[in-house]
Structures are given as C-alpha cells and as structure tokens.
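okay, structure incoming, though there's no sequence with it:
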Ligand code: NAD
C-alpha cells in the first residue's frame, strides 16, 4: 500500500526547493497536498511539476506569509475545512537572511529572519497541533538546519532561529507524544536549492560556482545534497513508518554537523 494513500499533507515553502521536492515525492505515493508559500508563481510551478509527474494528484495552493499569525490560522482552517484533517505537516518555509558579523548584523534583519524562520514555525505548530491532538494522530516535520545544531558564522539571525526550531521541536514533542502526534526536525546541510544559489551569488558574484566548491570543501562528502535526498527523508518522517521518532532532530548533511 502507498504510504500516503488517503493522507492530507500540508507543506509550507511548497513553492520551491525542499518543499517542492518533498511534494513531488509524496504525491507519487497518493498524498492529497496543500502547498503554502508567499510566492504565487513558485506555487503554480510546483503544481505544474506535480501534475506532470502524477496527473491524478490533488494539489491545493494557498498564498500566505508564515510570519503573519492570522495567515497561518487561515491556511490551517482552509485545509481542515476542505479536507477534514491534517495527517502530515512539513513546516518548512524559511529564509537565510543577509550574512554579516554579529556586530554588523542589523537588528531589523535579525528580527526579519526570526519572524519567518522561528515565529512562522511556532505559529504553524500552534494551529496544526490543535487539529492533530483532536485527531489523535499526525506527524510534524520542522525544517531546522546544520546551523541549528552548530555554529556556521555570519548568520546570527539564522542560527538563532534554527536553534529555536530544534528547541520547539523537542519541547512540543514531549507534550504531544501522548496524543499520538510525533514532532521531529530535520537539519539539512548544504542542499542545492534557489536559497543556496542565492547566497553563493551573494558570496561569489559571477564566480558563484567556484564559491560553491569552496563552500562544500568543509563537508566530508565534498558535495551539495540534492533536494530530492531531503524529500526522501521528509517523506519517511511524515509517514506512519516514523511514528515513534519524536522530539528529536535528524541531520541530512553528508556528515557536516557531527564531523
Ligand atoms: P527555497 O528558497 O528554495 O524555498 C523556500 C521557500 O519558502 C520559497 O518558496 C519561499 O518563497 C518560501 N518562503 C520564504 N519566506 C516565506 C514566508 N514568510 N511565508 C511563506 N513562504 C515563505 O529554499 P530551501 O532551500 O528549499 O529552504 C527550505 C527550508 O530549508 C528553509 O527553512 C531553509 O532554511 C532550510 N534549509 C535549507 C538548506 C539548504 O541548503 N537549501 C539548508 C538548511 C536548511
């Protein structure tokens, strides 16, 4: 039997990178998908790619800003009103923010990154957990980062927000395990998505591909991860096969965080 037959899965950041790769993967296994993103074109492109690979898939798109509590409440309510439940929640939207030394890192930038990466994840959990607790089942996968396990430098807002995502995961996993709900975080290393391409261009300009080689030289596997490799992990963690994995963080980084 397909792992996501009759399952409703909500994915934030579904208009690009890791969210899209995961959506493509689980659509093939029968999931009904609700994709949330700020980027309308990105959402439409995700839907197009999913329907090209899986023409029978059900894909609902919701344009929303995860940093706005009322928009989060609305995407959760809309999903439940339309499909009656939420089996899996990939709480994944995020940004990297500008790179800078801590003393030069602006307060506004710190606030912006934390608002999206940490507050957005918290709002999502707050409203989805109400639904899952009532159901007595569900899996939440929060996207943290290697930068949520160890320091990477020049990323005060990102590191603080992603360490916060790991903390939220551990805290709420302990609270909700008794209701049949599991909560886990993934900590991707450098995965080649539009986000990483953007930050390499910020670092290396026209020579961004060279900057990329330098970037992965610290990785034991000396390469970028592929979005679909994260998709395989997220799919497993969202499925019932991972119900007993709870309140923890799982790296997918070629060994970077524990080297
Ligand atoms: P991406 O830029 O390809 O995708 C992120 C998506 O999130 C985009 O479609 C963007 O529009 C959306 N988004 C951003 N802010 C939003 C907001 N306020 N409301 C709604 N949607 C918003 O990047 P990605 O690499 O797929 O990143 C996904 C997640 O993975 C992020 O949380 C990121 O921090 C994390 N991550 C990525 C890497 C990597 O190497 N790619 C490594 C570690 C962690």
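Received it, and whenever you're ready, just let me know what you need. Worth saying up front: this structure is predicted, and the values here are computed from it rather than measured. Numbers count the residues shown, from 1 in each chain.

which residue is the nearest non-sequential neighbour of the residue of the stretch 51-200 of the chain found nearest the ligand?
Residue nearest to the ligand within the stretch 51-200 of the chain (Cβ to the nearest ligand atom): residue 94, separated by 2.2 Å. (Glycine included, C-beta is placed from N, CA and C.) Of all residues not flanking residue 94 in the chain, residue 117 sits nearest, at 4.5 Å (Cβ to Cβ, 6 or more residues apart in numbering).

isn't that neighbour up against residue 91?
No: the criterion here is Cβ atoms under 8 Å, and residue 117 misses it with residue 91 at 10.5 Å.

low-scoring pLDDT stretches of the chain, where are they?
259 (pLDDT under 70).

buried ones in the strand ranked longest in it?
What stands out as the longest strand in the chain, according to DSSP state E, is strand 181-188. The neighbour-count check on strand 181-188 (16 or more other Cβ atoms under 10 Å) flags 181, 182, 183, 184, 185, 186, 187, 188 as buried.

and if you look at stretch 150-168?
152, 154-166, 168.

likewise for stretch 186-206?
By neighbour count with 16+ other Cβ under 10 Å, stretch 186-206 contains the buried residues 186-193, 195-196, 199-200, 203-204.

quick one: which of these sit in strands?
Those of the buried residues of stretch 186-206 lying in strands (DSSP E): 186, 187, 188.

all helices for this protein, in order.
Counting by DSSP state H, the chain has these helices, from start to end: 17-27, 40-53, 69-83, 107-114, 120-135, 156-176, 194-204, 208-216, 227-238.

let me see the domain layout of the protein.
Per automatic domain parsing, the domain ranges recorded for the chain read 8-189+226-251, 192-224.

deepest of those, which one?
Of all the domains of the chain, domain 8-189+226-251 carries the top mean neighbour count, a mean of 20, counting by mean count of other Cβ atoms under 10 Å.

may I have the distance across that one, first residue to last?
End-to-end distance for domain 8-189+226-251, by Cα to Cα, to the nearest Å: 25 Å.

got the residues of the protein near the ligand?
12-13, 15-19, 37-39, 42, 65-67, 92-95, 116, 120, 143, 145, 188, 190-191, 193-196 (Cβ under 6 Å from any ligand atom).

quick check on the residue positioned nearest the centre of the chain: phi, psi?
Residue closest to the average C-alpha location in the chain (Cα atoms, centre = their mean): residue 92, at 1.9 Å. Here is the backbone geometry of residue 92 (degrees, to the nearest 10): phi -120, psi -20.

quick one: residues contacting it.
Contacts for residue 92 (Cβ atoms under 8 Å, 6 or more residues apart in numbering) come out as 11, 12, 13, 14, 18, 19, 22, 141, 142, 143, 234.
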